[in-house]
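**Student:** Any chance you can model this:
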Amino acid sequence: MSDIALTRPLPVTTEPPLARYLMIGLAVTFVALFLFAPLVTVFAEALRQGWIGVLDALRLPDAQAAIRMTLTIAAIAVPINATFGIAAAWAITKFDFRGKAFLITLIDLPFSVSPVVAGLMLVLLFGANSTLGGWLIANDMPIVFAFPGIVLATLFVTFPFVAREIIPVMMEQGRAEEEAALTLGASGWRIFFTVTLPNIRWALLYGVLLCNARAMGEFGAVAVVSGKIRGETATMPTMVEMFYNEYLSVAAFTLAAVLAMLALLTLLLKSLLEWRHADLLAATRRH
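**Tutor:** Residues are numbered from 1 along each chain as shown. Okay, the predicted model is just below:
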């Protein structure tokens, strides 16, 4: 009995069962009140007039234009941020140079700056009252209150997601494999595609999902630089606000429900990636 007692694993926590159940109950209650309840409310309000009301809302020209605008912005911003995120992570983790800490700080800058402030900076830089903005408008190349401004605002607020997912993975892996491939005569691109990219693929996909979710749901910066022009610069989040202010609640909640479904799809893909990655790690450790 003494040997069994000595080998018995110790409990992870020492709190009494009542305290554990209380903390679990509080966590479940918090999630139910602040996550599931608003989500259920959004879908319930969208379906208040039935599926016919939902279909009528999605047939509105303004709603269709906002959906196209949002998907187009995401399709542009995500690949660009993925490319720059990989390049920034490669530079930070594979090379030593002056200003590396400053570069990391710049990558984190969008996390600390309010999206509204970011949009205001773009307006001050490219607006009609600035020298550069006035020249661009005079040459029929407007940035603010036009499509390019929305792209720039979305790029700014979503830039850190890919880089911040890749950098820790690259730091953990080190440089040994790339240096070995270089010693064997592999070129830089061959090293990247055959050594580096396979090692970071799961972190890259995870960062791309987060970047895509933020790009589609961004409101603050886009609301400032877009001007919320119907059918031209209005995205789904800004169109939700416009519909709601005009008492078109079914249309507003329908677009909000579409955004919520896209977010839930992102979470599902994220969970699948984590599950797949965990299975691969377990298989690697067994072998």
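
**Student:** Okay, buried residues for the helix ranked longest in the chain please.
**Tutor:** Using DSSP state H to assign secondary structure, the helix with the most residues in the chain is helix 249-286. Judged by neighbour count using 16 or more other CB atoms under 10 Å, the buried positions of helix 249-286 are 250-260, 262, 266, 269, 273. C-betas here are computed from N, CA, C, even on glycine.

**Student:** swap in stretch 57-67?
**Tutor:** 57, 60, 62-63, 65-67.

**Student:** gap between Thr105 and Gly50?
**Tutor:** 52 Å (CB to CB, to the nearest Å).

**Student:** same question, Ser271
**Tutor:** Note on Ser271: its distance to Gly50, by CB to CB, is 31 Å.

**Student:** Which of the buried residues of stretch 57-67 sits closest to Pro115?
**Tutor:** Comparing those against Pro115 with CB to CB places Ala66 closest, at 18.2 Å.

**Student:** what about the closest one, distance to Thr72?
**Tutor:** Distance from Ala66 to Thr72, by CB to CB: 11 Å.

**Student:** now swap in Ala37 and tell me
**Tutor:** As judged by CB to CB, Ala37 and Thr72 stand 32 Å apart.

**Student:** And the helices in the stretch 1-150 of the chain, which stretches?
**Tutor:** Along the stretch 1-150 of the chain, counting by DSSP state H, counting those that start in this stretch, helices occupy 2-7, 17-31, 37-46, 50-59, 61-94, 100-112, 115-126, 131-138, 147-173.

**Student:** Can I get the ones you listed in a markdown table including distance to Gly188?
**Tutor:** Listed next are the helices of the stretch 1-150 of the chain as a markdown table, based on distance: least, CB to CB, whole Å:
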| stretch | distance to Gly188 |
| --- | --- |
| helix 2-7 | 53 |
| helix 17-31 | 47 |
| helix 37-46 | 47 |
| helix 50-59 | 48 |
| helix 61-94 | 10 |
| helix 100-112 | 20 |
| helix 115-126 | 34 |
| helix 131-138 | 36 |
| helix 147-173 | 15 |
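
**Student:** Deepest in the core, which of these is it.
**Tutor:** Ranked by mean neighbour count under mean count of other CB atoms under 10 Å, those are led by helix 147-173, which reaches a mean of 21.

**Student:** Quickly check the buried residues of stretch 57-67 for the two that are furthest apart.
**Tutor:** Longest span within the buried residues of stretch 57-67, CB to CB: Ala57 and Ala65, 13.3 Å.

**Student:** Make CSV from the buried residues of stretch 57-67 and add distance to Thr196 and pLDDT to it.
**Tutor:** Supplementary listing: the buried residues of stretch 57-67 in CSV, determined by distance: CB to CB, whole Å; pLDDT from 0 to 100:
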residue, distance to Thr196, pLDDT
Ala57, 46, 89
Leu60, 46, 91
Asp62, 44, 91
Ala63, 42, 91
Ala65, 40, 93
Ala66, 38, 92
Ile67, 36, 92
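
**Student:** follow-up on the earlier one: what is the orientation angle of the longest helix of the chain with helix 50-59?
**Tutor:** For helix 249-286 against helix 50-59, the angle by axes from the mean of the first three to the mean of the last three CA atoms, to 10 degrees is 90 degrees.

**Student:** I'd like to know which elements helix 249-286 is packed against.
**Tutor:** helix 37-46, helix 50-59, helix 61-94, helix 197-217, helix 236-245 (3 or more CB pairs under 8 Å, 6 or more residues apart in numbering; DSSP states H and E).

**Student:** Glu179: which of those is closest?
**Tutor:** Nearest of the helices and strands packed on helix 249-286 (CB to CB): helix 61-94, 9.6 Å.

**Student:** what about Thr238, how many neighbours?
**Tutor:** Thr238 has 24 neighbouring residues, counting by other CB atoms under 10 Å.

**Student:** right, and it touches Val225 too?
**Tutor:** No - Thr238 is beyond contact range of Val225, at 10.7 Å (criterion: CB atoms under 8 Å).

**Student:** sorry, back to before: so can I have JSON lines of the helices and strands packed on helix 249-286 showing distance to Ala163?
**Tutor:** Shown next, in JSON lines, are the helices and strands packed on helix 249-286 (distance: least, CB to CB, whole Å):
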{"stretch": "helix 37-46", "distance to Ala163": "30"}
{"stretch": "helix 50-59", "distance to Ala163": "35"}
{"stretch": "helix 61-94", "distance to Ala163": "4"}
{"stretch": "helix 197-217", "distance to Ala163": "7"}
{"stretch": "helix 236-245", "distance to Ala163": "24"}
